[in-house]
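[1] Kindly return the folded structure for what I paste below:
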Amino acid sequence: MVKNLRLTTARLWLCALTLFFVGQFRQHVLAQGTLTLSQPTYNCSTGAITFNSSGGNGSAITYSAPGVTRDNPNSNSGTVEAGLRTDPKSLIITATQGGNSTSYTFNIASFCAAPSNRAPIYNGGIGTSTGTVGRTFYYYVPSGAFTHPDGQVLTYSATGLPTGFLIDPPTGTVYGTISTSGISTVVITATDPGGLSASGQLILGFSPSGGTANNFTLTQPTYNCTTGAIMFTNTGGDGSAITYSAPGITRTGVTSSSGTVEAGLIADPKPIMITATQGGSISVYTFDLVAFCKDGGVNLAPVFSGSLAAATGLTGIPFTYNLPTGAFTDPNAGQSLTYAATGLPTGLSLNAATGAITGTPSATGTNSVVIRATDTGGLSASGTLGLSINANQAPVSTTLVSTTAVAGFPFTYNLPTGAFTDPNTGQTLTYAVIGLPTGLSLNT
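    Numbering: from 1, shown residues only. Sure, this is the predicted structure:
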């Protein structure tokens with residue numbers, strides 16, 4: 001009897017413990033939250049779709065959605081197939097997490113017949129801009145930087161503007177006159193009539209008046225697309241310490257010109273905004289990781305188009321030669337070219353930034369001028385320009401036929417065509433006269 005009583009008591013305790021642990025387990029599951037699917041984000045024009053879920057235990061979710069092309073079962077975004085967009089039907093989306101499944105039926109036809117207000121889209125393009133203290137500054141939002149999927153009119157606002165600056169709400173133009181040098185991080189926001197918005201970041205750098213006379217300029221950095229090692233480079237400057245700012249790059253100090261791009265930015269590359277300050281001079285450079293690394297991060301040499309048309313100048317006459325558009329190009333996006341030349345005639349010089357040749361030649365001769373374009377990585381390409389400098393020859397005149405005027409009556413005399421010519425092609429002649437009767441004048 002006592003033995004049976006003890007056995008019954010033990011069973012009751014075991015049952016109580018079982019109920020306790022089951023209750024604890026249920027509370028734990030409920031605390032994790034129930035996985036729920038909600039209305040997906042969908043673009044009726046492109047078919048782009050993103051599944052939206054909430055709750056769950058944080059583990060991986062596997063999706064099923066017939067008619068949607070995705071990279072893999074765990075991807076929550078993809079594209080609705082063209083046939084389903086043309087003849088829209090209800091789309092059944094299923095999400096499974098840890099053995100538990102939930103479904104959502106998305107009616108494409110109903111959604112696209114009367115789409116709800118969708119937020120504006122920031123497409124990029126707002127980057128950096130620089131100005132000078134004391135001068136009126138304008139920044140114009142690039143065309144297409146903000147768009148609206150429903151074609152709604154956008155209104156612009158901004159935070160972080162320098163003191164005294166304003167933004168034009170209908171266009172997004174930032175303007176004003178700054179009184180102190182420095183760098184400002186401005187967030188421009190585009191808002192639709194329904195109150196939805198999108199934002200982009202603008203970095204503004206302002207140098208003191210006359211502070212950039214030393215041509216302090218950031219250039220394309222040296223970068224290793226595999227390791228993320230990066231080194232900032234610049235031209236000009238006064239030799240004093242440079243302070244850098246570059247979000248997303250790990251460095252040992254603010255004056256260090258080298259560091260490593262963070263792993264997340266290497267995996268999902270976006271443009272890096274590098275700012276440099278030296279003695280009040282400020283330079284800003286936007287480094288496009290995607291464009292740079294599309295060629296494997298290899299710096300390719302500039303390319304010469306193959307020909308430069310011959311040019312002719314005259315001694316004592318100002319001369320200008322501009323490089324044709326596309327004469328030199330660089331395969332690496334964002335590279336800037338600098339120019340140099342050998343064999344220039346006496347009196348002429350070359351603009352290193354544009355390649356233009358200007359000056360007043362002083363000696364005749366036929367010259368083979370070699371123009372070299374060099375990229376920021378030191379690679380170059382060359383082309384030869386045939387440049388002839390001829391002597392400036394005097395105009396040639398013919399005998400003019402006499403004419404007669406009557407006192408007190410209006411008189412006009414026009415030079416016959418070809419009365420004066422110049423042996424040098426392209427010369428413009430100006431005229432003067434001596435011995436004119438009183439009351440007459442000459443159109444020069």
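[2] All the helices of this structure, residue numbers only.
    2-32, 82-86, 108-113, 263-267, 289-293 (DSSP state H).
[3] Could you find the closest non-adjacent residue to P395?
    Nearest residue to P395, sequence neighbours excluded (C-beta to C-beta, 6 or more residues apart in numbering): D422, at 4.7 Å. (Glycine included, C-beta is placed from N, CA and C.)
[4] before we move on, the earlier item: quickly, which of the helices of the chain bottoms out on average pLDDT?
    Here the helices of the chain differ in mean pLDDT, and the lowest is helix 2-32 at a mean of 42.
[5] re earlier: check whether the residue nearest to P395 really touches T430, as I assumed.
    No: contact criterion C-beta atoms under 8 Å: D422 and T430 do not qualify, at 11.3 Å.
[6] my guess is T252 meets Y244, correct?
    No: the pair formed by T252 and Y244 falls short of the contact definition of C-beta under 8 Å, at 11.3 Å.
[7] which regions of the stretch 201-350 of the chain sit below the pLDDT cut-off?
    209-214, 295-298, 333-334 (pLDDT under 70).
[8] Can you tell me how far D87 is from N43?
    Going from D87 to N43 by C-beta to C-beta, to the nearest Å gives 18 Å.
[9] more crowded one of these two?
    N43 (16 against 9; other C-beta atoms under 10 Å).
[10] right, and the more buried one touches I121 too?
    No: using C-beta under 8 Å, N43 makes no contact with I121, being 9.8 Å away.
[11] Can you pull the residues that touch both of these two?
    P149 (C-beta atoms under 8 Å, 6 or more residues apart in numbering).
[12] re the thing from before, more neighbours: D422 and T430, which one.
    D422 (14 against 5).
[13] Against L400, how distant is that one?
    17 Å.
[14] G236 too?
    With C-beta to C-beta as the criterion, G236 and L400 are 59 Å apart.
[15] Neighbour count: those two, which is higher?
    G236 (15 against 11).
[16] I figured the more buried one was touching T219, is that so?
    No: using C-beta under 8 Å, G236 makes no contact with T219, being 9.8 Å away.
[17] what do those two both touch?
    Going by C-beta under 8 Å, 6+ apart, no residue sits against G236 while also sitting against T219.
[18] Nearest residue to the middle of this protein?
    G125 (5.1 Å; C-alpha atoms, centre = their mean).
[19] For the stretch 1-150 of the chain, which segments count as strands?
    Under the criterion DSSP state E, counting those that start in this stretch, strands of the stretch 1-150 of the chain are mapped to 36-42, 48-54, 62-64, 68-69, 77-80, 90-97, 100-107, 121-122, 128-132, 136-139, 146-147.
[20] mean pLDDT lowest for which of those strands?
    strand 128-132 (a mean of 80).
[21] So which elements touch it?
    strand 197-207, strand 281-287 (3 or more C-beta pairs under 8 Å, 6 or more residues apart in numbering; DSSP states H and E).
[22] Columns mean neighbour count on top of these, output as JSON lines?
    Below are the helices and strands packed on strand 128-132 laid out as JSON lines (neighbours: other C-beta atoms under 10 Å):
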{"stretch": "strand 197-207", "mean neighbour count": "20"}
{"stretch": "strand 281-287", "mean neighbour count": "21"}
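[23] would JSON lines of the ones you listed with distance to T132 be doable?
    Converted to JSON lines, the helices and strands packed on strand 128-132 look like this (distance: least, C-beta to C-beta, whole Å):
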{"stretch": "strand 197-207", "distance to T132": "6"}
{"stretch": "strand 281-287", "distance to T132": "10"}
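[24] Let me know which of those strands is the nearest to A113.
    strand 197-207 (25.0 Å; C-beta to C-beta).
[25] Which neighbouring elements make contact with the closest one?
    Checking 3+ C-beta pairs under 8 Å, 6+ apart, strand 197-207 ends up next to strand 121-122, strand 128-132, strand 136-139, strand 182-191, strand 272-278, strand 281-287.
[26] contacting residues around the residue lying closest to P302 once chain neighbours are set aside?
    In space, and not counting its chain neighbours, P302 is closest to A381: 4.2 Å by C-beta to C-beta, 6+ apart. Applying C-beta under 8 Å, 6+ apart, we find A381 in contact with A301, P302, V303, F304, F328, R372, A373.
[27] Mind giving me the PyMOL command for buried ones among those residues?
    Command for PyMOL that selects the buried part of those, burial taken from 16 or more other C-beta atoms under 10 Å:
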select buried, resi 301+302+304+328+372+373
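[28] Just want to know which of T252 and Y244 has more residues nearby.
    Y244 (21 against 8).
[29] Provide a list of residues in contact with the more buried one.
    F232, R251, V254, T255, S256, S257, I274, T275, A276.
[30] Hmm, P88 is touching C112, no?
    Yes: in this structure, P88 is within contact of C112 by C-beta under 8 Å, at 6.7 Å.
[31] neighbour count winner among those two?
    Set P88 next to C112 and count neighbours by other C-beta under 10 Å: P88 wins out with 19 against 14.
[32] Tell me how far that one lies from S305.
    51 Å.
[33] same deal with T412?
    When T412 is compared with S305 (using C-beta to C-beta), they lie 52 Å apart.
[34] which of those two has more neighbours?
    Under the neighbour definition other C-beta under 10 Å, T412 and S305 were set side by side, and S305 has more, 14 against 7.
[35] Show me what counts as buried in stretch 183-201.
    I183, S184, V186, I188, T189, A190, T191, D192, S197, A198, S199, G200.
[36] how much space between the third one and A327?
    When distances are taken as C-beta to C-beta, V186 and A327 turn out to be 37 Å apart.
[37] What of the first one?
    Taken as C-beta to C-beta, the spacing of I183 relative to A327 amounts to 36 Å.
[38] Next: the fourth one.
    Computed as C-beta to C-beta, the I188 to A327 distance reads 37 Å.
[39] Identify the residues contacting T102.
    Applying C-beta under 8 Å, 6+ apart, the residues contacting T102 are T34, L35, T36, L37, T94, A95.
[40] Try it again at 10 Å.
    Contacts here follow C-beta atoms under 10 Å, 6 or more residues apart in numbering; on that basis T102 touches T34, L35, T36, L37, S53, G55, G56, I61, I93, T94, A95, T96.
[41] quick check, distance from stretch 322-342 to the centre of its chain.
    Here stretch 322-342 is found 19 Å from its chain centre; the criterion is C-alpha atoms, centre = their mean, to the nearest Å.
[42] Quick check: end-to-end length of it?
    16 Å (C-alpha to C-alpha, to the nearest Å).
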